[in-house]
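# I'll drop the sequence and a predicted model, then ask my questions.
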Amino acid sequence: METNGSAGRRPLAFPLLKGQKALVTGANSGIGKATAISLGRVGADVVVNYVSGEDAAEEVVREIESFGVRAYAHEADVSQEDQVVDMVSRMVKEFGTIDVMVANAGLQRDAPLTDMTMDQWHKVLDVNLTGQFLCAREAAKEFMRRGVVPEVSRSAGKIICMSSVHQLIPWTGHVNYAASKGGVQMLMATLAQELAPYRIRVNAVAPGAIRTPINRSAWDTPEAEADLLRLVPYHRVGDPDDIANVVAAVASDLFDYVVGTTLYVDGGMTLFPGFATGG
């Protein structure tokens, strides 16, 4: 469950990724926006991918540039192979390489099973799962071509897949979304196994209830928030910066020996709080 709008939690503020080049998909709003800004704040040059909303993407670029690093916006649909290939190729030309791929772009098309259309099913799987495969594949090609540059990072490259607590928790009425995130978990783990010998680190971050526009109705009234917090033992709804700070850390050499892991950033949602009183 991902729910946008930061409550102002202080982000990381030291050069974890100085000199590195990062690409964040779906980066003009929500978790992607916060992540792109966080990576710029800790020293990375950043490509801000978006599929619509150019003005918002350019605003993110300006904020990233205010940290003294480079950034530009790139329109691309991550479910389209040619557009992903072109996006990464342009980045390599303009920035020289890529060090961090954050495969964040995702969407929901909700319906009960018996009402769900093939268009709803395919759209979610195409963006949420195929999009991550395509982004990981193109980044890995460049990581393997370049190899490790010790003065930049101990690894040849980092791929961070944005998953969800719903890679673990079933979600009635959202079978396409839950299936896509379950697929992301196994995509990530298999890529991690395959790419680790090349010193490429692949991990996932799985948000819980986060204040994002994708499900504003779940938290934008006191009644809705109180209902949502029954699922969160830590008893607050997360903010995009809660996710962005974890992504920045995972992308850095502080996490150099973390490979093939999903980090749940969920206030304890995956502890199945319904069972705290015996179920």
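Looks like it arrived, so ask away. Numbers count the residues shown, from 1 in each chain.
# any idea which helix or strand comes after the helix or strand bottoming out on mean pLDDT in the chain?
Lowest on mean pLDDT, DSSP states H and E among the helices and strands of the chain sits helix 222-229, with a mean of 87. Once helix 222-229 ends, the next helix or strand along the chain (criterion: DSSP states H and E) is helix 240-251.
# Compute the distance between residue 60 and residue 72, please.
10 Å (C-beta to C-beta, to the nearest Å). C-betas here are computed from N, CA, C, even on glycine.
# Kindly report the same for residue 32.
Distance of residue 32 to residue 72, computed by C-beta to C-beta: 15 Å.
# buried sites along stretch 141-150?
Judged by neighbour count (16 or more other C-beta atoms under 10 Å), stretch 141-150 contains these buried residues: 141, 142, 143, 146.
# State the number of residues packed around the nearest residue to residue 113 once chain neighbours are set aside.
Leaving aside its chain neighbours, residue 113 sits nearest to residue 175 (5.6 Å; criterion: C-beta to C-beta, 6 or more residues apart in numbering). For residue 175, the neighbour count with other C-beta atoms under 10 Å is 18.
# cool, and residue 111?
Neighbours around residue 111, by other C-beta under 10 Å: 15.
# Kindly provide the distance from it to residue 212.
Distance from residue 111 to residue 212, by C-beta to C-beta: 20 Å.
# sorry, back to before: for residue 32 and residue 72, indicate the residue with more neighbours.
Taking neighbours as other C-beta under 10 Å, residue 32 and residue 72 compare with residue 32 leading, 29 against 17.
# Give the rounded mean pLDDT of whichever strand or helix holds that one.
Residue 32 belongs to helix 30-41 when assigned by DSSP H and E. On average, the pLDDT along helix 30-41 is 97.
# Mind giving me the packing neighbours of it?
strand 21-24, strand 45-50, helix 54-65, strand 100-103, helix 240-251 (3 or more C-beta pairs under 8 Å, 6 or more residues apart in numbering; DSSP states H and E).
# Need the ones you listed in CSV (columns: mean neighbour count and mean pLDDT).
Below are the helices and strands packed on helix 30-41 laid out as CSV (neighbours: other C-beta atoms under 10 Å; pLDDT from 0 to 100):
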stretch, mean neighbour count, mean pLDDT
strand 21-24, 30, 98
strand 45-50, 28, 98
helix 54-65, 17, 98
strand 100-103, 30, 98
helix 240-251, 25, 97
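# who touches both of residue 60 and residue 72?
residue 48 (C-beta atoms under 8 Å, 6 or more residues apart in numbering).
# Can you report how many residues lie near the residue lying closest to residue 147 once chain neighbours are set aside?
With sequence-adjacent residues excluded and distances taken as C-beta to C-beta, 6+ apart, residue 147 is closest to residue 156, at 5.4 Å. Close neighbours of residue 156, defined as other C-beta under 10 Å, add up to 21.
# Residue 156: what's it in contact with?
143, 144, 146, 147, 148, 198, 199, 200 are the contacts of residue 156 under C-beta under 8 Å, 6+ apart.
# Tell me if I'm right that the first one and residue 202 touch.
No. At 10.3 Å, residue 143 and residue 202 do not qualify as touching, with contact defined as C-beta atoms under 8 Å.
# Need the overlap of contacts for these two.
Joint contacts of residue 143 and residue 202 (C-beta under 8 Å, 6+ apart) are residue 195.
# May I ask you to name the longest helix in the protein?
helix 175-195 (DSSP state H).
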